[in-house]
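structure of the sequence below:
(one chain, ligands or ions: 3)
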Amino acid sequence: MTFDLVIRGGTVVTGTDTVRADVAVRDGRIAAIGTGLEGTRKLDAGGLLVLPGGVDTHCHIEQLQEGGGADEESWSSGSTACLAGGTTSVVTFSTQFKGHGILEPLAEYRRRAAKAMVDYSFHQIITDASDEVIWQEIPEVVASGVRSLKVFLTYDPLHLDDRAYIRVLAAARRAGAIVTVHCENYEAINWRTEALLKAGRTAPMYHAWSRPKMIEREATHRAIALAEMVDQPIQIFHVSCAEVAAEVAAAQARGLKVWGETCPQYFVLTAGHMDRPGFEGAKFMCSPAPRTEADQALLWQEIRRGTLDVVSSDHSGWCFDGTRGKKVNGADANFRDIPNGVPGLMARLPIIFSEGVSKGRIDLNTFVRITATNPAKLFGLYPRKGSIAPGFDADMVLWDPNKRTTLTNDHMQHVIDYTPYEGLEVTGWPVATVRRGEVVMRDGKVQAPEGSGQFLARGPYDMIRPRGVLPDGFDAAEFA
Ligand code: URP
Ligand code: ZN
Ligand code: ZN
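Ligands and ions are numbered 1, 2, ... in the order given. From the prediction side, this is the model:
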């Protein structure tokens, strides 16, 4: 029996197993794993690891801006960066503007994403929990395959108060969607920010001072307690430190469906990076803020324990120079007026492999789980994405575990004019990326037709089914 493509002689790694084997592909799917397989095309993986294509379930690509326009990172440049770094599927965002619905923007996101070269889905951001959105539009959006809602407990003008957050949790429960939550205390940040600005402490480093760990911990605790009341599964986004992870662990220990995500920036950046001279610190500003080296070490422990089981990029699509990105309010803007977020679509896998596997902090299978298998499972992309097994889409990355590289912005292949990881030395590098059986990247050269990415409609799945455990057995979500 011959196949369309055989990847020969590599070491195949999944979330559970590591075996020397060939992988055979037919019609864009994995058809067989074994030895001596023959195909019309061959890809030599001798000396390389064969990993599932990366699944990045938190990244901002071509996100619409209030008042018009979108992120500088387009679907075309963002897809190129993903494929260069070994990521073949993303879940990005469709946003809502206060006073407006969610159907029109989602249609616009679908139209723009028709240029993608990675496979993609969306989280629907809810910023205005109006009756119409809650009762009519969320069910429609979820039924169309957008099976996750995203809420912010901070940020003007995105943040939801507790009542609105509860209404979104209840709507998700009724519709069968997971809710992802940005956890920081809105009022506390505003209070400290006002004080810092009055005290003349305006430089980028004071971004970290405006949002210390306990305000992330408090919001995480509250987000979990309210989700427990509604009996609604949630994922806590971008956990920055162990004391926040402890809230997730405590919820998991009580049997709640609460998951925790973290990002590469929390393993290699610290608040100290924002203290660089001039405006340079703005390159490292994201929320929650990067913490300390001691926090980084403790975060690895939470990965090993499984408390945090997804590492995504939280890629932000804004440049440093120019008039739209970090300097939109001028090159001397105070920290409150500098857009948050750091780019990282390409860098995610090399950083986590290098800091994790190459430095002996996690094993290969854990690396695959946190970067591909677990995000695919949690967001309803499994068993199509996230592993190497017969029937899965043939999304793979051939990985040289020994190649040493010093990261520069040229490696990133995004449209952004900087990387916060400039000069970081990594061991382990993507050599080729295969998406649905097509070789779309080789030695850093991305070749995929625009529009060859597919929308991933996500149907109902067991993992995010509510537990059926409610205070007094009363399901308030049926009524409000
Ligand atoms: O600073 C960050 N994380 N920016 C991106 C938006 C978000 O909060 O996820
Ligand atoms: Zn966030
Ligand atoms: Zn984000």
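
next up, the contacts around residue 18.
Under the criterion of CB atoms under 8 Å, 6 or more residues apart in numbering, the contact list for residue 18 reads 11, 12, 364, 365. Where you see a C-beta, it was placed from the backbone N, CA and C, and this is true even at glycine.

need the residues of this protein near ligand 1, please.
Proximity of the chain to ligand 1, by CB under 6 Å from any ligand atom, involves residues 60, 182, 238, 286, 287, 314, 316, 340, 341.

neighbour count and pLDDT for those - can I get that in CSV?
Shown next, in CSV, are the residues of the chain next to ligand 1 (neighbours: other CB atoms under 10 Å; pLDDT from 0 to 100):
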residue, neighbour count, pLDDT
60, 21, 98
182, 23, 98
238, 22, 98
286, 23, 98
287, 21, 98
314, 26, 98
316, 24, 97
340, 17, 96
341, 18, 98
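
which of these lies closest to residue 222?
Nearest to residue 222 among the residues of the chain next to ligand 1, counting by CB to CB, is residue 182 at 12.5 Å.

could you find the closest non-adjacent residue to that closest one?
Closest residue to residue 182 apart from its sequence neighbours, by CB to CB, 6 or more residues apart in numbering: residue 152 at 4.4 Å.

any weak-confidence spans in the stretch 351-480 of the chain?
Counting by pLDDT under 70, the stretch 351-480 of the chain contains no low-confidence segment.

ok and the residue in it nearest ligand 1?
residue 420 (11.5 Å; CB to the nearest ligand atom).

what separation do you get for that residue and residue 451?
Distance, residue 420 to residue 451, by CB to CB, to the nearest Å: 30 Å.

these two - which one has more neighbours?
Ranked by neighbour count (other CB atoms under 10 Å), residue 420 and residue 451 place residue 420 first, with 23 against 14.

surely that one touches residue 269?
Yes - taking CB atoms under 8 Å as the definition, residue 420 is a contact partner of residue 269 at 6.1 Å.

overlap of the contact sets of the two?
Shared contacts of residue 420 and residue 269 (CB under 8 Å, 6+ apart): 284, 342.

so the residue in the stretch 51-200 of the chain positioned nearest to ligand 1 versus residue 172, what's the distance?
Residue nearest to ligand 1 within the stretch 51-200 of the chain: residue 182 (4.9 Å; CB to the nearest ligand atom). Counting by CB to CB, the gap from residue 182 to residue 172 is 15 Å.

what score does residue 311 have for pLDDT?
Note for residue 311: predicted pLDDT of 99.

what about it, distance to residue 422?
According to CB to CB, residue 311 and residue 422 sit 20 Å apart.

what helices or strands is the helix or strand hosting residue 235 leaning on?
Using DSSP states H and E, residue 235 sits in strand 234-236. Secondary-structure packing of strand 234-236 (3 or more CB pairs under 8 Å, 6 or more residues apart in numbering; DSSP states H and E): strand 178-182, helix 213-230, helix 242-253, strand 258-262.

which ones are touching residue 274?
Contacts for residue 274 (CB under 8 Å, 6+ apart) come out as 204, 205, 207, 208, 281, 282, 284, 285, 289, 290.

need the contact list for the third one.
Think residue 207. 274, 285, 287, 289, 335, 338, 340.

what's the closest non-adjacent residue to the fourth one?
Spatial nearest neighbour of residue 289, excluding adjacent residues (CB to CB, 6+ apart): residue 208 at 3.9 Å.

same check on the last one?
In this structure, residue 340 finds its nearest non-sequential neighbour in residue 287, 4.7 Å apart by CB to CB, 6+ apart.

check the gap between that neighbour and residue 124 for me.
Going from residue 287 to residue 124 by CB to CB gives 20 Å.

over to residue 188?
Distance of residue 188 to residue 124, given as CB to CB: 27 Å.

looking at the two, which has the bigger crowd around it?
Remark: of residue 188 and residue 124, residue 124 carries more neighbours, 27 against 18, as counted by other CB under 10 Å.

nearest spatial neighbour of the residue most central in space within the chain, chain-adjacent residues omitted?
Nearest to the mean C-alpha position of the chain, counting by CA atoms, centre = their mean, stands residue 58 at 2.2 Å. In this structure, residue 58 finds its nearest non-sequential neighbour in residue 312, 3.8 Å apart by CB to CB, 6+ apart.

the one you found: how many residues sit nearby?
For residue 312, the neighbour count with other CB under 10 Å is 26.

shouldn't it be in contact with residue 259?
No - using CB under 8 Å, residue 312 is not in contact with residue 259, being 11.8 Å away.

strands - which of the contacts of residue 274 land there?
Among the contacts of residue 274, no member falls in strands (DSSP state E).

any chance of the residues you listed in JSON lines, with pLDDT too?
Output for those, formatted as JSON lines (pLDDT from 0 to 100):
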{"residue": "204", "pLDDT": "98"}
{"residue": "205", "pLDDT": "98"}
{"residue": "207", "pLDDT": "98"}
{"residue": "208", "pLDDT": "98"}
{"residue": "281", "pLDDT": "98"}
{"residue": "282", "pLDDT": "98"}
{"residue": "284", "pLDDT": "98"}
{"residue": "285", "pLDDT": "98"}
{"residue": "289", "pLDDT": "98"}
{"residue": "290", "pLDDT": "98"}
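
nearest to ligand 1, of these?
Using CB to the nearest ligand atom, the contacts of residue 274 come closest to ligand 1 at residue 285, 7.1 Å.

looks like the closest one contacts residue 206 (just checking).
No - using CB under 8 Å, residue 285 is not in contact with residue 206; the gap is 10.2 Å.

which neighbours do those two share?
residue 335.

which residues of the stretch 301-450 of the chain fall in helices?
Applying DSSP state H, counting those that start in this stretch to the stretch 301-450 of the chain gives helices spanning 348-352, 364-368, 374-378, 409-412.

give the other helices and strands that the shortest one contacts.
Meaning helix 409-412. Checking 3+ CB pairs under 8 Å, 6+ apart, helix 409-412 ends up next to helix 75-84.

give me the buried positions along the helix it packs on.
Within helix 75-84, the residues that count as buried by 16 or more other CB atoms under 10 Å are 75, 76, 77, 78, 79, 80, 81, 82, 83, 84.

now swap in stretch 293-302 and tell me
Within stretch 293-302, the residues that count as buried by 16+ other CB under 10 Å are 295, 296, 299, 300, 302.

mind checking which of those residues are in strands?
Judged by DSSP E, strands contain none of those.

let me have those in a markdown table, extended by pLDDT.
A markdown table is the format used below for these (pLDDT from 0 to 100):
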| residue | pLDDT |
| --- | --- |
| 295 | 98 |
| 296 | 98 |
| 299 | 98 |
| 300 | 98 |
| 302 | 98 |
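
these in helices, which ones?
Counting by DSSP state H, the buried residues of stretch 293-302 place 295, 296, 299, 300, 302 in helices.

residue contacts, the fourth one?
Shown in contact with residue 300 (CB under 8 Å, 6+ apart): 267, 356, 361, 362.

could you report the distance from it to residue 241?
12 Å.

surely residue 303 touches residue 362?
Yes - counting by CB under 8 Å, residue 303 does reach residue 362; the two are 6.2 Å apart.

which one's more surrounded, the two?
Taking neighbours as other CB under 10 Å, residue 303 and residue 362 compare with residue 303 leading, 24 against 18.

next one: the more buried one, what pLDDT does it get?
Reported pLDDT for residue 303: 98.

and it, how close does it get to residue 252?
Taking CB to CB, one finds residue 303 at 14 Å from residue 252.

now swap in residue 428 and tell me
Per CB to CB, residue 428 is found 30 Å from residue 252.
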